[in-house]
Each structure stands twice: as structure tokens, then as C-alpha cells.
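> fold the following and give me the result.
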Amino acid sequence: MFHFHLTENGTTVKTEIIAGITTFLSMVYILAVYPSVMSEIGIPAGGAVVAAALASFIGTILMGLIAKYPFALAPGVGIVPFFAFSVVSGMGISWQFGMMAVFVEGIIFLICTLIPVREKIFDAIPLPLKTSIGVGIGFFIVFIGLQGGRIIVEGSSLTTLVSFRNAWATNGICATLALIGLLSTVVLFHKRVKGAILIGILFTWGLGMLCQATGLYQVNPDAKMYSLYPTLNFSSIGGAFREFGSLFGECLNAGKWSQAGSNLTGWKLLMSGSFLIVVFTMLFDDLFNTLGTLTGVASTANMLDKNGSMPRLKEALLADAVATTAGALLGATTTTSYVESATGVSEGGRTGLTACVTAVLFLLSVLFAPIFTAIPAFATAPALTMVGFLMVAQIRHLNFDDITELFPCLVAIIVMPFSYNIADGIGFGFIAWTAVNLLCGHRERVNPILIGASLVFLAKYPFL
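Numbers count the residues shown, from 1 in each chain. The predicted structure follows:
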């Protein structure tokens, strides 16, 4: 384990393994979400599971071995519905042509990483903004956790607290289990129990299975309440691999590229305006989501140096770019760093060994996906909520006595969870920081890259 320098990073093999398992269990839901969405546009569900798992493995193992960071990657949960419904269905293009856009995006990112443009953007972000990105992601994760646990649900005022009495059989029981799990996780964390977050996930899941056995939790697919018991159907595994075979390399099959209403065919479609728009949109979203995730999680784990820079950032971004490019060949949408990596970091994960453990589990999930995907959202909700709270604590490092620093930081923090998008939080934070500090005479706080990024965001939003 000398490759990861565990002793120098104040960690152990046991800690890293627990952290890797925790990260995996916190984000394994993507193996259920991805095929569900992709099947809507004609991609076979079984093949989609294999593609997502393999793309996650490639990205995460590269992050662990090359960048040596405890961050995990998978097809971005935010970009998946955008790809399926806005790009493929909305623009009337074939999914093979859509995957080609993902492939091109990955190539562009690879070039930008080698130059390195993305690294310069990261280093140009002021330290207070980097801290606020971590805090904003913390609130975002708390919001995701509360929704996953069905504690916060849709209501007449956009969102509202669940009605335990009126919706007991569906949202109520799930919310109750999530709250019990959260309370248990807090107690375990307070007592410094090793693997507190992982234990919290497994305890909540086990409690749910007990409730299913006693009839308190009732399976109801219409209410998205599925059986909590893990199952394994070996006959379906062969079918999934056969379906995956029909996806592999299809993004390069020009004969299947098409767009409704367009007279262009094959390679000519690559120069169409719609193709360029799709590539730019996914490029932009992935760039700032990745930078935001790396910034936020690294800041929380004290992985940034005194200047706010991140060692081996180029290697981390390279893992992201290669994973996206390879993922497109496999039949997976943009592969990006996940904020759920913070769960493993909170368990003490500090090196690439954590990521390697997560990667191996993703590889195993190709065969055992039905077991892992049986973990309900309310079981991982306590982990996400707890980690979100820990990340929010970084707000104490902001300067509350300087409004020119505080205002832009609070803008980034507030917009992130409310827009449900990390990139939008960063965008508004950039714009606010640049405008406020220029208008207030603090020109030394604003660099050309920050101004350029702010102008790009300003140009983007009128077209949303």
C-alpha cells in the first residue's frame, strides 16, 4: 500500500476500505436510475446497467491509481435526464448520435486537461469562493438526503414536510425509517464509532427489511416502494451482457446517427448547429460540476494547500476526461465526480485506496447489481444528510465582517441547492464575486480568468 502513502495521510487500510464501501453504497443508486431513464429512449436496461457500472469503474480506478484521491465517478445523475429527454427526445436525435456528442465532449476535456485549461480555472477561484462551494454542496447534499428519505416531498409550496399521518403507508414509513437512521448515525458519529456512516446505512436498510417482514413497509411499485430484500437472478446476467454488446462502440456507428427533420446524414451531422449546442451544454455543465465537486469535497477534507490549490488536480481531471470518453464508447453518458464521495471522506478516506475499493465494487456490481440496487434511498438518506451537515460547518471559515466577500459566497451557497445544480451555484457565485469586487474597488481580487468565466455564465443564462 506504499503507493498511497497511508501513514503520511494519517489513515489505514481498514479505514480506506470502510470509506470505499461507504462511498459505493451512497452512490450505487445510479445503477437503478440510469437504466430506468435510458430505457425510455431505446437503450436496453440490462445493457445500460453494465455500461454505467463499467464507466464508473474506469473513472474511479483512474482517480484512485493516478490522482490518488478518494473520489468516485459515475454517469452524472443530473446529466442523465437532460441527455435522455432534452437531447435525444427533445431534439429528435438518435441515442447513438447523442453518445457521439458525449464522446466529443470527452475528447475536448482531454485536450483542455493536457493544456491545462481546467486546472487554471480551478486555481483562479478565490479561496473564500472555494469554501462557499463546499458549503453549498453541503446544503445540496442535505436537500438530496431529505428528499431521498421522503422527509421533504413535493407540495403546494414547491416542497413541504411529509404528512406522516395522511401518507403513512408510503412516504410516512420511509421518512420515519430515515429519521431513525439519521439519529442513529449522529449518535454513532458522536461516539467516534469507526464506520459510523456505513453502519448507519446498513442499520437503516436492515430496519426497513424488518418492517417489510412485519408488514409495516409494503411493496408498492406505483409509489416507488420496491422490495428491500436483495435478490440475484443469474439468468438475467447473461441477457444484460448481450444487451451491452449492442451498445458498445455504437457512438461511432455513423450509419445510426440521425435527427428528425434534418436532411443531413452520417458525418455531416457533426457540423450541425444542434450537435454543437449539445456538446457545449454538456461540456459546460460537466466542467463546473466537476470543479465544484472536487473543490467542495477537497476543501472539507483539508486537501487544499495554503493557497487554495489542489495537488494532483491535473491527474484528477484527466481521470474525469478519460472516463467520459471511454464511457461514451461503452454506452454511458458523461461520467463525472460525485458529491457522494464526501461520505467516504467523512469516514476517514484520504487516499486513492478508497477510490480503488469503490471501483472494485462497481466492477462486481456488473454481476451483483440486483443486490446493491435493493438498497433504498431512505437507507442512504441518513448518510447524505449527516455528511451534508459536516460540509456546511465549513461556513465558519468565511469572513462575515466583509460584505464584499460574504455576499458572493452566500449567493453561491443559496443558489446551489435551490437551483438543484452545482454549476449554477458556481456561476452565480462567480458573477456576484466579480461584479461586487469590481464595483467596490477590490480589483486585486478579480483575475482575468474569473472575469472570462463570469462573462460566459452571463452569456449562457439568457438562452436557458
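> what sits against the residue nearest the centre of the chain?
Residue closest to the mean C-alpha point of the chain, counted by CA atoms, centre = their mean, is Y338 at 3.0 Å. Applying CB atoms under 8 Å, 6 or more residues apart in numbering, we find Y338 in contact with 23, 27, 71-74, 293. To be clear about C-beta, it is placed using only N, CA and C from the backbone, and glycine gets the same treatment.
> narrow those to those in strands?
Per DSSP state E, strands hold the following members of these: 73-74.
> what is the nearest of the contacts of Y338 to G92?
The closest of the contacts of Y338 to G92 turns out to be A74 (CB to CB; 27.6 Å).
> how does the chain divide into domains?
Following automatic domain parsing, one gets these domains for the chain: 2-134+231-373, 399-463.
> any idea which of these is most buried?
Of all the domains of the chain, domain 2-134+231-373 carries the top mean neighbour count, a mean of 21, counting by mean count of other CB atoms under 10 Å.
> let me see the contact set for V135.
By CB under 8 Å, 6+ apart, the residues touching V135 are 296, 391-392, 394-395, 398, 409, 413.
> now with 6 Å, please.
392, 394-395, 413 (CB atoms under 6 Å, 6 or more residues apart in numbering).
> quick one: the helix or strand harbouring it to chain centroid distance?
Under the criterion of DSSP states H and E, V135 resides in helix 127-148. Centroid displacement of helix 127-148 relative to its chain, using CA atoms, centre = their mean, to the nearest Å, is 12 Å.
> isn't N289 right next to G425, touching?
No: counting by CB atoms under 6 Å, N289 does not reach G425; the two are 10.1 Å apart.
> show me where the stretch 151-300 of the chain has its strands.
Along the stretch 151-300 of the chain, counting by DSSP state E, counting those that start in this stretch, strands occupy 152-155, 158-161.
> in JSON lines, list those along with distance to P116, mean pLDDT and mean neighbour count.
Rendered in JSON lines, the data for the strands of the stretch 151-300 of the chain read as follows (distance: least, CB to CB, whole Å; pLDDT from 0 to 100; neighbours: other CB atoms under 10 Å):
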{"stretch": "strand 152-155", "distance to P116": "40", "mean pLDDT": "90", "mean neighbour count": "14"}
{"stretch": "strand 158-161", "distance to P116": "40", "mean pLDDT": "89", "mean neighbour count": "10"}
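> format the ones you listed as JSON lines; extra columns: distance to L65.
Below are the strands of the stretch 151-300 of the chain laid out as JSON lines (distance: least, CB to CB, whole Å):
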{"stretch": "strand 152-155", "distance to L65": "38"}
{"stretch": "strand 158-161", "distance to L65": "41"}
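> of all the ones you listed, which lies closest to D305?
For the strands of the stretch 151-300 of the chain, the distance to D305 is smallest for strand 152-155, at 37.1 Å, taking CB to CB.
> export that closest one as PDB, just CAs?
In PDB, the C-alpha atoms belonging to strand 152-155 read as follows (Å, rounded to 0.1, in the frame of the first residue of the first chain):
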ATOM      1  CA  ILE A 152     -39.200  16.600   2.300                       C
ATOM      2  CA  VAL A 153     -41.700  16.000  -0.500                       C
ATOM      3  CA  GLU A 154     -43.400  17.900  -3.300                       C
ATOM      4  CA  GLY A 155     -46.300  20.200  -2.100                       C
END
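> may I have the strands that pair with that strand, each with its orientation?
Its sheet considered, strand 152-155 pairs with strand 158-161 (antiparallel) by DSSP bridges.
> alpha carbons only: can I get the partner strand in CSV?
Extracted in CSV, the C-alpha atoms of strand 158-161 (Å, rounded to 0.1, in the frame of the first residue of the first chain):
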residue,chain,number,x,y,z
LEU,A,158,-42.9,23.5,-4.2
THR,A,159,-41.7,21.4,-1.3
THR,A,160,-43.1,20.6,2.1
LEU,A,161,-42.7,18.4,5.1
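> what's in contact with that strand?
Here strand 158-161 has contacts from I152, using CB under 6 Å, 6+ apart.
> which residue is the nearest non-sequential neighbour of T23?
Closest residue to T23 apart from its sequence neighbours, by CB to CB, 6 or more residues apart in numbering: G344 at 3.4 Å.
> name the element the one you found belongs to?
Using DSSP H and E, G344 sits in helix 341-346.
> same for that helix, what does it pack against?
Other helices and strands packing on helix 341-346, by 3 or more CB pairs under 6 Å, 6 or more residues apart in numbering; DSSP states H and E, are helix 13-27, helix 273-300, helix 377-392.
> how about a cut-off of 8 Å?
Contact analysis of helix 341-346 by 3 or more CB pairs under 8 Å, 6 or more residues apart in numbering; DSSP states H and E lists helix 13-27, helix 273-300, helix 352-372, helix 377-392 as its packing neighbours.
> on the three-state scheme, the closest residue to G136 other than its chain neighbours is what?
Once flanking residues are discounted, G136 sits nearest to M416: 3.5 Å by CB to CB, 6+ apart. Under the three-state scheme (DSSP: H, G, I helix; E, B strand; the rest coil), M416 adopts helix.
> quick one, what contacts L146?
Contacts for L146 (CB under 8 Å, 6+ apart) come out as 152, 381, 385.
> distance of the nearest residue to the first one once chain neighbours are set aside from G344?
What it means is I152. Spatially, and ignoring its direct neighbours in sequence, I152 is nearest to L146 (4.2 Å; CB to CB, 6+ apart). According to CB to CB, to the nearest Å, L146 stands 21 Å off from G344.
> what does T354 give?
Here T354 is placed at a distance of 5 Å from G344 (CB to CB).
> what sits in contact with each of those two?
Overlap of the contact sets of T354 and G344 (by CB under 8 Å, 6+ apart) consists of 19-20, 23, 70.
> got the angle for the helix or strand bottoming out on mean pLDDT in the chain vs helix 352-372?
Counting by mean pLDDT, DSSP states H and E, the weakest-scoring helix or strand in the chain turns out to be helix 234-245, with a mean of 81. With axes from the mean of the first three to the mean of the last three CA atoms, to 10 degrees defining the directions, helix 234-245 sits at 120 degrees from helix 352-372.
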